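A.B. asks: Mind folding the following:
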Amino acid sequence: MNSADAPIRLGEQLSEKELCPDDLLSGQEAAFARDIERLHRRQAEFIKVDCPACAGRSAKHAFEKYGFFFKRCNDCRTIFMSPRPSPAVMTDYYSNSENYAYWAMHIFPASEASRREKIHKPWLERVPTIADVSASARERWLRSDPVSVLFPNLLPDRDFFPG
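C.D. replies: Numbers count the residues shown, from 1 in each chain. Next up, the predicted model:
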């Protein structure tokens, strides 16, 4: 792998325990299990689907997870769930998810300091670098834009790059 392909390391790695402390894990797992059970009770509303990547109709069983079936497309090899919850079932799932509510009420607040330090702060430190690259791209565009070369007096009136 050359340096252009190397992943960008932004800061310290956030451990799983920092993201979801052990003392909260059992509550999260129980909430998730209840959500999965709610989905199972509505399996009659699930719909069979073709491959979401290529619309291929030929697929074979790949595996089962949490009692749901996943297929592998014979054309593009994408793995997808089928049958899967209908849009109405998914709307209900996300609107009433005990797991998501548990994360919002317990896990996110408990891991906020670690996430700020190890995820948000390193990204924010990169903003000036990203802004410098954007400014450089803007300048290259302005130099190569035929309108700004031929009619520089029109440039101030053009609103391509506000601010």
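A.B. asks: and residue 63, that one's in a strand?
C.D. replies: Yes: assessed with DSSP: H, G, I helix; E, B strand; the rest coil, residue 63 lies in a strand.
A.B. asks: helix/strand/coil for the closest residue to it other than its chain neighbours?
C.D. replies: With Cβ to Cβ, 6 or more residues apart in numbering as the criterion, residue 63 has its nearest non-adjacent residue at 5.3 Å, and that residue is residue 70. Any C-beta I mention is one placed from the backbone N, CA and C, and that applies to glycine too. The three-state label given to residue 70 by three-state DSSP is strand.
A.B. asks: Go ahead and confirm residue 70 touches residue 80.
C.D. replies: Yes: using Cβ atoms under 8 Å, residue 70 is in contact with residue 80, at 6.7 Å.
A.B. asks: related to what we said a few turns ago, number of nearby residues for the residue nearest to residue 63?
C.D. replies: Using other Cβ atoms under 10 Å, residue 70 has 15 other residues around it.
A.B. asks: residues contacting it?
C.D. replies: Contacts for residue 70 (Cβ atoms under 8 Å, 6 or more residues apart in numbering) come out as 61, 62, 63, 64, 79, 80, 81, 82.
A.B. asks: from those residues, which is closest to residue 99?
C.D. replies: Checking the contacts of residue 70 against residue 99 by Cβ to Cβ gives residue 81 as the nearest, at 17.4 Å.
A.B. asks: Backbone torsions only: list them for that closest one.
C.D. replies: When read as degrees, to the nearest 10, the backbone of residue 81 gives phi -90, psi 130.
A.B. asks: do you know how far residue 118 is from residue 88?
C.D. replies: Noted for residue 118: a distance of 38 Å to residue 88, by Cβ to Cβ, to the nearest Å.
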